[in-house]
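**Q** mind looking at a prediction? Sequence and model below.
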Amino acid sequence: MPFGGLCPLPLRLGGTETEGWSAEQFARFSADLLALRRTNPIAVITFTMDSASPPVIHSYYGWNGAGVGEAPAVTGPLVGRADITFPASYTDSQGNERAISLFGARATAHGATAYVLECSLYKQRIRVACDTIGGTPTNIKVTVKIWATLSEAAKLEDYGGAPDKVDTDAETTPYAWSWYLELEDMLGSAFTKARTGYVHAQKLALARLFGAGLQRANERFVNNCVPASASDLLPTWAQCFNVQFAPSTPEWQVRRDCSVRMKLLTGCTVDNIDNAIEEQLDGNLVAVHRNTSDPLSSPPANTYWPGGLPGDPNYSLCGYQWSSGRAHVWAEVTWPPDLSQTEFLQLTDVRLFRLMDLALPAHATFAWDLDTNTGFILDVSLLGYETL
Amino acid sequence: MAVTPAGDPAWARTSDYSTYGGHSDKANYQSQGAVNPRTDVTAEQFSRMVEDLANAVRTADFAKMRVETHDTSPAAPTIHWCRLMTAVRNVSYEGDSAPTGFPSGARVGTGTVTITFASSYDDAYGVAQAFTPSHAAAMPIDQGCAYVTTSISGNVVTVYCYDETGTLLDDSFFILEVS
């Protein structure tokens, strides 16, 4: 969708190749931008060391701007030493304070003589040390590249990126444009159809008002009525479904958690629970297992009862062992390679656990397990006698 | 009719958020948020995109390449791979027969080579922009090369490779980053 008069912000994904921006194109753009943000240096600076007077800065490219005037303070405390001191934060174009946490720097000497260069980090300061091969400190011209983290780790959500992003199927033609044409027809042939002038301006103003005030507002209301597409009411949905989330939890994750619980509103049936688990695991579910098909003549593992299978007297209750795996449910899952251990355990031990805890009756037990083809994974797979 | 992008190509380092459509007062129409968060990009998210893109573009390398010098049998350096803002080449080439659009290389003396850039490059939309190197950083890689220094003169970057004693070294490898 185009920006501007007939389709103002928020930008709606979709439309044609020449006039729109598809969800897939947006996803690629935001992912690539994220990649750049993660790996790019925060600054590149070239200066000549000087311990007697302020070092001369020849060129500076930084996240805060380009040009010598934008460069951080550079001083020369000693011969062959220079300190580059960054402020604790800078204000970006949107007026946001972005904290600067330096984590790396590399220097290259200029000229036709070899020097030993070292960069040391001291919070907001980088000490560049230059010695000759013989160990004599020397002032020279250097280029220093500096890497830092700004405020918080870069993430896709900063740009509205989400795995469930799709093209709009509602506003495939800008609402305001449809209204504009409608108004044009209503006015009839007595009024000019020129795209300039007073009549045009009136039609445009009304069309924008109707497009945003009637159709977009209505669509927004409808979208907020279900958690899968809610934005403004998402915190309310999370409260309704008791979905816990941190301020850093991506909005799409909260939407999914709420949407998964929505599936249980018609009852915690086997089908509903299985569907909810499948959606929660987002393609990483192999199967949900239950001991429903085992007859009592060949009961599932760990099933014992007096008179039938007495079991181990050491685990007895009143002289008999009572135990059953009949009410045990376990999800067999895969671990996708693009998911870190933290993310995977967040998905299984936190999100899946909360869901199964909510959905299954109190007498049921539950667990998750990696699919049988995964093999042993340290810190995740169970270490039992069979493994040993 | 083909579109002409706003602003200058990345290596001019002149783009800011406004080049990409950002504005300090950018807002959702009538201050309303996302109509549907699954299909929309809000003004706030768009503003973060353009700001971060402008920032990243300012500090990105224009060129990064792996170079091998030839001194035992004197010859122009081999550029094993070369990544420019304008093109990527993963197949090696000799400095004295550089493919179109890629920098050339020449041997000056022992452990010393020059890499010469064009004075202007075209971006993906065919917009030409002058290029003059401002920063040249280099890293030695293996083969006994311990130190590397650079110097810039116009569009020529000279790279010197040394051993542990600071003596110019034969047949070295280094990575050069130019912006």
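**A** That came through fine. Keep in mind the model is a prediction, meaning the values are calculated, not measured.

**Q** CA only for contacts and neighbour counts going forward, please
**A** OK.

**Q** show me where the chain has its helices.
**A** All of this refers to chain A. A:23-39, A:175-187, A:198-210, A:217-224, A:234-240, A:251-262, A:270-281, A:341-345, A:353-359 (DSSP state H).

**Q** actually, chain B is the one I wanted.
**A** B:43-59.

**Q** in it, where is pLDDT below threshold?
**A** B:1 (pLDDT under 70).

**Q** before we move on, the earlier item: which among the helices of chain A is found nearest to chain B?
**A** Chain B lies closest to helix A:217-224 among the helices of chain A, at 4.4 Å (C-alpha to the nearest C-alpha).

**Q** now the helices of chain A as CSV including mean pLDDT?
**A** As requested, the helices of chain A are exported to CSV (pLDDT from 0 to 100):
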stretch, mean pLDDT
helix A:23-39, 89
helix A:175-187, 93
helix A:198-210, 92
helix A:217-224, 95
helix A:234-240, 95
helix A:251-262, 94
helix A:270-281, 94
helix A:341-345, 87
helix A:353-359, 94
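
**Q** export those as CSV, with columns for distance to B:Gly111 and mean neighbour count.
**A** Output for the helices of chain A, formatted as CSV (distance: least, C-alpha to C-alpha, whole Å; neighbours: other C-alpha atoms under 10 Å in any protein chain shown):
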stretch, distance to B:Gly111, mean neighbour count
helix A:23-39, 30, 18
helix A:175-187, 66, 17
helix A:198-210, 67, 17
helix A:217-224, 66, 18
helix A:234-240, 63, 17
helix A:251-262, 55, 22
helix A:270-281, 57, 19
helix A:341-345, 46, 13
helix A:353-359, 62, 18
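
**Q** if you drop the residues flanking it in sequence, what lies closest to A:Cys119?
**A** Of all residues not flanking A:Cys119 in the chain, A:Val128 sits nearest, at 4.7 Å (C-alpha to C-alpha, 6 or more residues apart in numbering or on different chains).

**Q** with A:Tyr60 instead?
**A** Looking at A:Tyr60 with C-alpha to C-alpha, 6+ apart, the closest residue is A:Ile45, at 4.5 Å.

**Q** picking that back up, can you say which of the helices of chain A is nearest to B:Ser92?
**A** helix A:23-39 (24.8 Å; C-alpha to C-alpha).

**Q** which ones are touching the closest residue to A:Thr85 other than its chain neighbours?
**A** Take A:Thr85 and drop its neighbours on the chain: the residue closest to it by C-alpha to C-alpha, 6+ apart is A:Arg125, 4.3 Å away. Shown in contact with A:Arg125 (C-alpha atoms under 8 Å, 6 or more residues apart in numbering or on different chains): A:Asp83, A:Ile84, A:Thr85, A:Phe86.

**Q** so what's the second one up against?
**A** Contacts for A:Ile84 were tallied using C-alpha under 8 Å, 6+ apart; they are A:Pro72, A:Ala73, A:Val74, A:Thr75, A:Arg125, A:Ile126, A:Arg127, A:Val128.

**Q** B:Thr86 is in contact with B:Tyr125, isn't it?
**A** No: with contact defined as C-alpha atoms under 8 Å, B:Thr86 does not count as touching B:Tyr125 (10.4 Å).

**Q** grab the most central residue of chain B for me.
**A** In chain B, the centroid-proximal residue (C-alpha atoms, centre = their mean) is B:Phe62; its distance is 1.5 Å.

**Q** quick one: it and B:Leu84 touch, right?
**A** Yes: B:Phe62 lies in contact with B:Leu84 (C-alpha under 8 Å); the separation is 5.6 Å.

**Q** the strands in chain B, which residues?
**A** Using DSSP state E, the strands of chain B run over B:40-41, B:63-70, B:75-84, B:88-89, B:93-94, B:104-109, B:112-116, B:120-122, B:128-130, B:136-140, B:147-153, B:156-162, B:173-178.

**Q** centroid-wise, who is the farthest residue in chain B?
**A** Of all residues in chain B (C-alpha atoms, centre = their mean), B:Gln30 lies farthest out, 41.6 Å.
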